[in-house]
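Engineer: What follows is a predicted structure for the sequence shown.
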Protein chains: 2
Amino acid sequence: MKIIRKSDRVSLRRRVEQGTEEQRKTVQTIIGDVKAQGDKAVLNYTERFDGVKIDQYKVSPQEFEEAYEALDGEFVEILQEAATNIRKFHEKQRPASWFDASEDGTILGQKITAIEAAGVYVPGGTAAYPSSVFMNVIPAQVAGVEKIVMVTPPGKDGKVPDGVLLAAHILGVEDVYKVGGAQAIAALAYGTESVPAVDKITGPGNVFVALAKREVFGDVDIDMIAGPSEIAILADDTALASEVAADLLSQAEHDARSSSVLVTTSQQLAEQVQQQVKDQLEELPRAEIARKSVEDYGMILLCETWGEAITTVNEIAPEHLEIVTDDPFQHLGKIKNAGAIFLGPYSSEPVGDYFAGPNHVLPTNGTARFSSPLNVDDFLKKSSVISYSSEALKKHGDKIARFARLEGLEAHAKAIDTRKERWK
Amino acid sequence: MKIIRKSDRVSLRRRVEQGTEEQRKTVQTIIGDVKAQGDKAVLNYTERFDGVKIDQYKVSPQEFEEAYEALDGEFVEILQEAATNIRKFHEKQRPASWFDASEDGTILGQKITAIEAAGVYVPGGTAAYPSSVFMNVIPAQVAGVEKIVMVTPPGKDGKVPDGVLLAAHILGVEDVYKVGGAQAIAALAYGTESVPAVDKITGPGNVFVALAKREVFGDVDIDMIAGPSEIAILADDTALASEVAADLLSQAEHDARSSSVLVTTSQQLAEQVQQQVKDQLEELPRAEIARKSVEDYGMILLCETWGEAITTVNEIAPEHLEIVTDDPFQHLGKIKNAGAIFLGPYSSEPVGDYFAGPNHVLPTNGTARFSSPLNVDDFLKKSSVISYSSEALKKHGDKIARFARLEGLEAHAKAIDTRKERWK
């Protein structure tokens, strides 16, 4: 891991997979086929891409039962406790409808309504995470979404990992379909004989899933297109190098394109962390991935002043930010851009991945400048409410009509004028 | 305007302009040029597309002054009153950061931060609306966005309409640039020597603007891609046909692809409105546009039951919904999908376009199923805050590590385990 003096201007590389023109065309074809042929197309593509022939791709009650029995009781309890924590946190995000009643009889307000149906994509293979099920489904449930549909690609044996089914089961999600890739996104967006159409699709996936989400966007809503994971650690010389290094590596093991960055003013910490990363890498089962990530996208940024360190963090706009100093709360107000902020030495990033409660679906690739963690608001929408009174229209009608005429919209003005009949 | 019995299944046509492959390539070229050459490319494209050669495209204080003097004082007052109403409504949308402190010392929370810089696109020509300036800028200001940059295409005379400049002036927006089209979106997304780069771009535009917004999405955030305007009016036989017709036509005059729909259970109202639309059309200066809109996308849907009428409205998910009955509040809870809901006979839709306070930037084309009016939240983002305590980590650390190992992420587990040294 290189130590770089921040006065050398550092540019952080963008790492979102855009997909090729050919991949985009493939995805368009798949979507078209699923729209036209429904289940038949879905099952054909599953056979072609996942190498497994399935007749019935809705997960059966028996399959849920088997998953439940395959995992030991203690682990089931840990999952349940995590789900409770995550639900508790997200319940605090729930906004209320409100209204404001004026003395002239006018009522203005904002009505909050849950979207009717949400689709969750859970990736397959080695990245099949029960925690992803929790983080995508719980905010939708807390929002009040009535219909939640989950899709996840089957393995070669036609099965879905036990942990994923168990997580769905714990949350009471019954509509789980063994389908992945662009065909899964198309099925969610437009519906098939088996899969109900939804209004919004969330959850990460490979490049085909990302491209398919972009294609259906507009017909349904989507969450952000996620890039590889990131962490920035802002630390001074009160931080323990072994802990800082371990946390950097916990991001690096996700993906060879993950990015782990230490931002510090302490030369000593910089050097110690550099050594620790090297040593700890030796002991990791996913060392190959983590080493590539650290070499290609890892950095130790040594800043002259603490102010420069803060500015650097805001420029990076990291998905995860740890602040490891003896007074981390003092710096919170200066942090403008970060998906999740972990304060102090006990707030190791994995605490937030699984258990503490906040969502682990976070903005990557600098998008924390303008995006938020997945949250309850993502499954709600607002409607403005306007109940104008006779008195208010009498008082303000002419102004409104005049405004309309200035904008050249005579029919708008006339719609106001015609009401005048009522109080003549 | 045709009367259609709802039992004949009606499908509402999608009307969002997708753009051609050729237009998409043109837009990509423009964006590439502006990225590479900055102001030079901007001014070249302005000369080519807007037919005017400009040297200095930032609006000068003198130009603001001239706009102010060109409009009469009474109109300035109407604009100021509208701005006050809009600000008052949006101030009620502002959420607060919150945190939750557990007895074990853990603090979990959500920090709300405004995005740093926002760009507003204001369309030119006949669609140059001061109200658009208000509706896009005020939510950003209320959110606390520090830098607001406005772009709008110049006319052949190199000028921007007085009303637009006056609206910007009233709000204290000083960074206004005379540039439109894809080149304006590129300048906002990536910055030039003159135009500061922003984090989010809002505001409607033609197909080139829409395509450019799609292209830069991800590098910056964008608002929704707006389609033509819509209104649905849900009315029973207490509604006055003349008022209903006038309100339908106020949407129809916007654009030949606007859609105006009456949903009713009253045969009598249906027939009267049909006649009124015909009669009132004769008197409109924009009759040609309105007639085409009514013929192509207008409908009177006659439902058997009130329940069917409500279902129909939710299927349409209209941008604007008027409920004209003698007890409109009773139906509010059943409305799932609508951008803005206008209740009762005095709440003519233009009341909301200019003056009442709620935003007029609303989800079109059925996207009210999952989107909201432009609002203060659109200019804010959330960061999760996690301060785990020593006690909490001691209690839950092993569970978190076990969860990580089940997901195959050893470095995550080790990041927790390494903290154990602290309490050995």
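Structural biologist: Now that the structure is in, tell me what you want to look at.

Engineer: Now do the helices in the stretch 1-150 of chain A.
Structural biologist: Ranges of helices within the stretch 1-150 of chain A are A:21-37, A:39-50, A:61-70, A:73-91, A:130-143, based on DSSP state H, counting those that start in this stretch.

Engineer: Could you single out the most deeply buried of those?
Structural biologist: Ranked by mean neighbour count, the helices of the stretch 1-150 of chain A are led by helix A:130-143 with a mean of 25 (mean count of other Cβ atoms under 10 Å in any protein chain shown). C-beta: built from backbone N, CA, C; applies to glycine.

Engineer: quick one: the lowest-mean-pLDDT helix or strand in chain A to chain centroid distance?
Structural biologist: Least confident element among the helices and strands of chain A, by mean pLDDT, DSSP states H and E: strand A:3-5 (a mean of 85). Strand A:3-5 has its C-alpha centroid displaced from the chain centroid by 31 Å (Cα atoms, centre = their mean, to the nearest Å).

Engineer: Which one of the helices of the stretch 1-150 of chain A has the poorest average confidence?
Structural biologist: Lowest mean pLDDT within the helices of the stretch 1-150 of chain A: helix A:61-70, a mean of 91.

Engineer: what angle sits between that helix and helix A:73-91?
Structural biologist: Following axes from the mean of the first three to the mean of the last three Cα atoms, to 10 degrees, one obtains 110 degrees for the angle between helix A:61-70 and helix A:73-91.

Engineer: Restricting to C-alpha, output helix A:61-70 in PDB.
Structural biologist: Taking Å, rounded to 0.1, in the frame of the first residue of the first chain, the C-alpha atoms of helix A:61-70 are listed here in PDB:
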ATOM      1  CA  PRO A  61     -42.700 -23.900   1.300                       C
ATOM      2  CA  GLN A  62     -40.800 -27.200   1.500                       C
ATOM      3  CA  GLU A  63     -37.600 -25.500   0.300                       C
ATOM      4  CA  PHE A  64     -37.900 -22.800   3.000                       C
ATOM      5  CA  GLU A  65     -38.400 -25.600   5.500                       C
ATOM      6  CA  GLU A  66     -35.200 -27.400   4.400                       C
ATOM      7  CA  ALA A  67     -33.200 -24.200   4.600                       C
ATOM      8  CA  TYR A  68     -34.400 -23.600   8.100                       C
ATOM      9  CA  GLU A  69     -33.400 -27.100   9.200                       C
ATOM     10  CA  ALA A  70     -30.000 -27.000   7.500                       C
END
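
Engineer: And for the closest residue to residue A:82 other than its chain neighbours, the neighbour number?
Structural biologist: Distances taken as Cβ to Cβ, 6 or more residues apart in numbering or on different chains place residue A:355 nearest to residue A:82, at 5.0 Å, with adjacent residues excluded. Residue A:355 has 24 neighbouring residues, counting by other Cβ atoms under 10 Å in any protein chain shown.

Engineer: Okay, now the unreliable bits of chain A?
Structural biologist: A:7-17, A:126-127, A:424 (pLDDT under 70).

Engineer: at 50 what do you get?
Structural biologist: Scanning chain A for pLDDT under 50 picks out nothing.

Engineer: Where do the domain boundaries of it fall?
Structural biologist: Following automatic domain parsing, chain A resolves into domains at A:21-222, A:227-370, A:388-423.

Engineer: Would you mind putting those domains into CSV with distance to residue B:159 alongside?
Structural biologist: Below are those laid out as CSV (distance: least, Cβ to Cβ, whole Å):
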stretch, distance to residue B:159
domain A:21-222, 35
domain A:227-370, 32
domain A:388-423, 17
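
Engineer: if you compare those, which one is most tucked away?
Structural biologist: The highest mean neighbour count among these belongs to domain A:227-370 (a mean of 22), with neighbours defined as mean count of other Cβ under 10 Å.

Engineer: What is the end-to-end distance of that one?
Structural biologist: With Cα to Cα, to the nearest Å as the measure, the first residue of domain A:227-370 is 15 Å from its last.

Engineer: Quick check, residue A:76 in contact with residue A:70.
Structural biologist: No - look at residue A:76 against residue A:70 with Cβ atoms under 8 Å: they stay out of range, at 10.5 Å.

Engineer: tell me the strands in chain A, going along the chain?
Structural biologist: A:3-5, A:98-101, A:107-114, A:117-121, A:147-152, A:175-178, A:200-202, A:221-222, A:230-235, A:259-264, A:299-302, A:320-324, A:340-343, A:380-387 (DSSP state E).

Engineer: who does the shortest one touch, helix- and strand-wise?
Structural biologist: The one in question is strand A:221-222. strand A:200-202, helix A:207-216 (3 or more Cβ pairs under 8 Å, 6 or more residues apart in numbering or on different chains; DSSP states H and E).

Engineer: contacting residues around it?
Structural biologist: Residues outside strand A:221-222 that contact it (Cβ atoms under 8 Å, 6 or more residues apart in numbering or on different chains): A:115, A:199-202, A:213-214, A:216, B:367, B:370-371.

Engineer: one more time with 7 Å, if that's ok
Structural biologist: Applying Cβ atoms under 7 Å, 6 or more residues apart in numbering or on different chains, the contact partners of strand A:221-222 are A:199-201, A:213, B:370-371.

Engineer: before we move on, what about the last one?
Structural biologist: For strand A:380-387, the external contacting residues (Cβ under 7 Å, 6+ apart) are A:99, A:106-115, A:143, B:338-344, B:347, B:351-352, B:356, B:358-359, B:368, B:370-373, B:375.

Engineer: quick one: residue A:311 from residue A:334, how far?
Structural biologist: Counting by Cβ to Cβ, to the nearest Å, the gap between residue A:311 and residue A:334 amounts to 9 Å.

Engineer: quick one, which of the strands of chain A is nearest to residue A:188?
Structural biologist: Within those, the stretch nearest residue A:188 is strand A:117-121; the backing value is 3.6 Å (Cβ to Cβ).

Engineer: can you list the strands of chain A in TSV and add distance to residue A:187?
Structural biologist: Shown next, in TSV, are those (distance: least, Cβ to Cβ, whole Å):
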stretch	distance to residue A:187
strand A:3-5	46
strand A:98-101	37
strand A:107-114	22
strand A:117-121	9
strand A:147-152	7
strand A:175-178	7
strand A:200-202	10
strand A:221-222	15
strand A:230-235	31
strand A:259-264	33
strand A:299-302	41
strand A:320-324	32
strand A:340-343	32
strand A:380-387	23
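
Engineer: So which bits of the stretch 51-200 of chain A are right by chain B?
Structural biologist: A:75, A:78, A:81-82, A:89, A:92-93, A:98, A:100, A:108, A:110-111, A:113, A:115-116, A:126, A:129, A:131, A:163, A:199-200 (Cβ under 7 Å from any Cβ of the partner chain).

Engineer: just the helices in the stretch 301-424 of chain A please.
Structural biologist: Using DSSP H, counting those that start in this stretch, helices in the stretch 301-424 of chain A cover A:306-316, A:329-332, A:349-354, A:390-406, A:410-417.

Engineer: Please produce CSV containing those helices, extended by distance to residue B:31.
Structural biologist: Shown next, in CSV, are the helices of the stretch 301-424 of chain A (distance: least, Cβ to Cβ, whole Å):
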stretch, distance to residue B:31
helix A:306-316, 23
helix A:329-332, 37
helix A:349-354, 36
helix A:390-406, 34
helix A:410-417, 35
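
Engineer: Residue B:25 is nearest to which of those helices?
Structural biologist: Of all these, helix A:306-316 comes closest under Cβ to Cβ, at 32.4 Å.

Engineer: which outside residues touch that closest one?
Structural biologist: A:6, A:12, A:232, A:234, A:261, A:263-265, A:301, A:303, A:321, A:331, A:334-337.

Engineer: Ignoring the adjacent residues along the chain, who's closest to residue A:351?
Structural biologist: In this structure, residue A:351 finds its nearest non-sequential neighbour in residue B:388, 5.1 Å apart by Cβ to Cβ, 6+ apart.
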